[in-house]
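Participant: Sequence isn't available, so here's the structure alone:
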């Protein structure tokens with residue numbers, strides 16, 4: 001199981017909104033002697049704090065520092081699902097649309113590709129929202145106010 005530490009920002013029923021604690025990567029980003037991925041991250045990623053909703057199985061409270069677990073294989077499965085399924089939908093819809101419209105194949109293929117990609121993303125969203133393999137709060141490391 002993959003684990004990380006996070007702070008509970010707010011509660012929403014049986015879910016908690018959390019923000020990861022600490023930096024990302026190996027810690028050499030600030031020194032400038034690392035692999036350079038920190039520079040890419042600064043260039044392409046937002047510097048805003050990111051938050052996520054997870055299952056709050058242990059009833060952690062706002063301000064608690066918690067361990068959050070993600071079951072093994074979920075990250076790989078969801079990554080493949082997020083990339084492969086929309087691209088497959090895009091390719092199939094593009095080929096299907098271009099075969100139906102002989103006179104305007106390029107335009108039909110472009111519109112079909114866009115519609116297929118959007119449909120693929122919507123299908124992925126539905127599949128991942130119904131999945132029971134989501135991150136869960138596993139334990140409280142530091143309770144709020146202590």
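Facilitator: Everything's here; your move. Computed from a prediction, not measured in an experiment: that's the story for all the values here.

Participant: Quick one: residues contacting residue 85.
Facilitator: 120, 123-124, 127 (C-beta atoms under 8 Å, 6 or more residues apart in numbering). (Glycine included, C-beta is placed from N, CA and C.)

Participant: What subset of the residues you listed is buried?
Facilitator: 120, 124 (16 or more other C-beta atoms under 10 Å).

Participant: Can I get the contacts of residue 85 in JSON lines including pLDDT?
Facilitator: Converted to JSON lines, the contacts of residue 85 look like this (pLDDT from 0 to 100):
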{"residue": "120", "pLDDT": "95"}
{"residue": "123", "pLDDT": "92"}
{"residue": "124", "pLDDT": "90"}
{"residue": "127", "pLDDT": "83"}
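
Participant: Can you name the residues that contact residue 106?
Facilitator: When contacts are counted by C-beta under 8 Å, 6+ apart, residue 106 touches residue 98.

Participant: tell me which element it is part of?
Facilitator: In this assignment (DSSP states H and E), residue 106 forms part of helix 105-129.

Participant: Fine by me, thanks again.
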